[in-house]
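Participant: Sequence unavailable; structure follows:
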């Protein structure tokens, strides 16, 4: 964990602390509050051979289409209003990476186990389902108490680094969500050796307390390595209440061949090039 008081970084500085072969956790849920600016910075780098842990959305689709994923651990990969992420599907159909598909509850308890530095946590989810068949490496445990119940031992989902996006943060790494759901971003940060928070706006610490109730202060500075101010940094996913999902652009993404989409929107030198390309596209639609 970083000992710096001021943890502000650029997306490029975040990616400069990552390397090929890492296990990367990506927060958010489906096409909601994904750290897309950090994912785009990752795409501009040469980093590859990643194990990605995610409640998957376009973060997974982009990395899969670009051939950066070696293994994916996820309960689903969706664009929400488009049920199955098409670029993920195409990469999976050509066997571009291995997949560990877990029940949503199993995935959550894997995060809890990692955040609490436990090797596993026992759950009932998965028993009697094909989750056990398609993941033969999963094991069961027997309760040591009188009930003797058999449970699934969900392994901890430890990560080398986590990337999350929240509405507000201070320069120390305290971060706040203002929308309807925390999406387990706190668990991602606590389950990782290093955690990087992008946000819509960096504010003074006192402003965080004024903007929402105490429970909205989701991520604490002790588990944050770096903070990135990235307005519109979750685009094209939603970041309520700051903005909704860009449905028109998401549809474009879902229906455009990967190379064509990447050439137009992801070939720039930085995040400002992406945002400018998106604005130009929207102007052309008017």
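Facilitator: Received, thanks. The shown structure was predicted, so the numbers you read here are calculated from the model rather than taken from an experiment.
Participant: per-residue pLDDT, residue 127?
Facilitator: Per-residue confidence at residue 127 stands at 94 (pLDDT).
Participant: Return the distance of it relative to residue 118.
Facilitator: For residue 127, the distance to residue 118 (CB to CB, to the nearest Å) stands at 20 Å. Glycine gets a C-beta too; all of them are placed from N, C-alpha and C.
Participant: Repeat that for residue 95.
Facilitator: 33 Å.
Participant: and what of residue 226?
Facilitator: Distance from residue 226 to residue 118, counting by CB to CB: 26 Å.
Participant: quick one: which of those two has more around it?
Facilitator: Taking neighbours as other CB atoms under 10 Å, residue 226 and residue 118 compare with residue 226 leading, 22 against 12.
Participant: Make sure the more buried one is actually in contact with residue 196.
Facilitator: Yes: assessed by CB atoms under 8 Å, residue 226 is found in contact with residue 196 at 4.7 Å.
Participant: Can you check which residues contact both of those two?
Facilitator: 9, 14, 17 (CB atoms under 8 Å, 6 or more residues apart in numbering).
Participant: quick one: which of those has the most company?
Facilitator: If you rank those by neighbour count (other CB under 10 Å), residue 14 sits at the top with 24 neighbours.
Participant: So what's the residue count around the residue lying closest to that residue once chain neighbours are set aside?
Facilitator: The shortest distance from residue 14 to any non-neighbouring residue, by CB to CB, 6 or more residues apart in numbering, is to residue 196 (4.7 Å). By the measure other CB under 10 Å, the count of residues near residue 196 is 29.
Participant: tell me the contacts of residue 196?
Facilitator: Going by CB under 8 Å, 6+ apart, residue 196 touches 9, 14, 17, 35, 38, 161-164, 224-228.
Participant: Among the residues you listed, which are located in helices?
Facilitator: 14, 38 (DSSP state H).
Participant: can you tell me how far the nearest residue to residue 219 once chain neighbours are set aside sits from residue 270?
Facilitator: Spatial nearest neighbour of residue 219, chain neighbours left out: residue 175 (3.9 Å); criterion: CB to CB, 6+ apart. Noted for residue 175: a distance of 23 Å to residue 270, by CB to CB.
Participant: and the strand or helix carrying residue 194, which strands flank it?
Facilitator: Following DSSP states H and E, the helix or strand that holds residue 194 is strand 192-202. Paired strands of strand 192-202, with direction, are strand 159-169 (parallel), strand 226-229 (parallel) (DSSP bridges).
Participant: what does the last one contact?
Facilitator: The reference is to strand 226-229. Here strand 226-229 has contacts from 2, 7-11, 13-14, 17, 37-38, 169-173, 175, 194, 196-202, using CB under 8 Å, 6+ apart.
Participant: Quick one: name whatever helix or strand follows it.
Facilitator: Assigned by DSSP H and E, the successor of strand 226-229 is helix 247-255.
Participant: average pLDDT across the helix ranked longest in the chain?
Facilitator: Taking DSSP H as the criterion, the chain has its longest helix at helix 271-285. Helix 271-285 carries an average pLDDT of 98.
Participant: Which neighbouring elements make contact with that helix?
Facilitator: Secondary-structure packing of helix 271-285 (3 or more CB pairs under 8 Å, 6 or more residues apart in numbering; DSSP states H and E): helix 36-44, helix 247-255, helix 258-265.
Participant: For it, buried residues please.
Facilitator: Neighbour-count burial for helix 271-285, counted by 16 or more other CB atoms under 10 Å, picks out 271, 274, 275, 278.
Participant: Check stretch 5-17 too.
Facilitator: Neighbour-count burial for stretch 5-17 flags 7, 8, 9, 10, 11, 14, 15 (criterion: 16+ other CB under 10 Å).
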